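S.K.: Turn this into a structure:
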Amino acid sequence: MRVSTKGRYALRVMIVLAEKGQDNYIKLHEMAEQQGISEKYLEGILGTLVRAGLLEGARGKAGGYKLNCDPKKCSVWDILSLTETSVSPVACLDDNPNRCERAESCVTLPIWKELNSMIKDYLNNVKLEQFIRNSKKSKDKNWNCGF
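M.R.: The predicted structure follows:
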């Protein structure tokens, strides 16, 4: 699995919004400037997250975007599964059920299934709250890397 810029940007923005709290709207242009992302590209990412219910958007002078999910429950998997075309390590696992003509006899399929399960389990267990705690510990450092 290779995470695209769309997935990485979505995660970064969700972390920023989680840090600001669930009651605070942040304007699109502020997030785009802070994160070094074009407004148009970011708007598409935020639209995906709003449609999924992870964010709430509001128009107007006091509008913007705010977190609409509990940082203790919202996982990296929740975000990446929305923004990535595929989160599977191999293409044959994208289909459910697996439609590969070789699935019945494939000796490598169990390895890919187990890896897929491990990735999903790990990313499901990493919550936004963990990033907030980590950023509070290193407030004097520039923790916002380009991941």
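S.K.: CA only for contacts and neighbour counts going forward, please
M.R.: Noted.
S.K.: what about Arg51, how many residues close to it?
M.R.: By the other C-alpha atoms under 10 Å criterion, the neighbourhood of Arg51 contains 12 residues.
S.K.: List of residues touching the one helix or strand Val16 maps to?
M.R.: For Val16, the enclosing helix or strand under DSSP states H and E is helix 5-20. Contacts to helix 5-20, defined as C-alpha atoms under 8 Å, 6 or more residues apart in numbering, come from residues 26, 31, 35, 37, 42, 45-46, 65-67, 71, 76, 79-80, 83-84, 128-129, 131-132, 147.
S.K.: what's the closest non-adjacent residue to Ser86?
M.R.: Asp94 (6.8 Å; C-alpha to C-alpha, 6 or more residues apart in numbering).
S.K.: For Val87, see how far away the one you found is.
M.R.: To Val87, Asp94 is 8 Å away according to C-alpha to C-alpha, to the nearest Å.
S.K.: Likewise for Leu115?
M.R.: Separation of Leu115 from Val87 (C-alpha to C-alpha): 11 Å.
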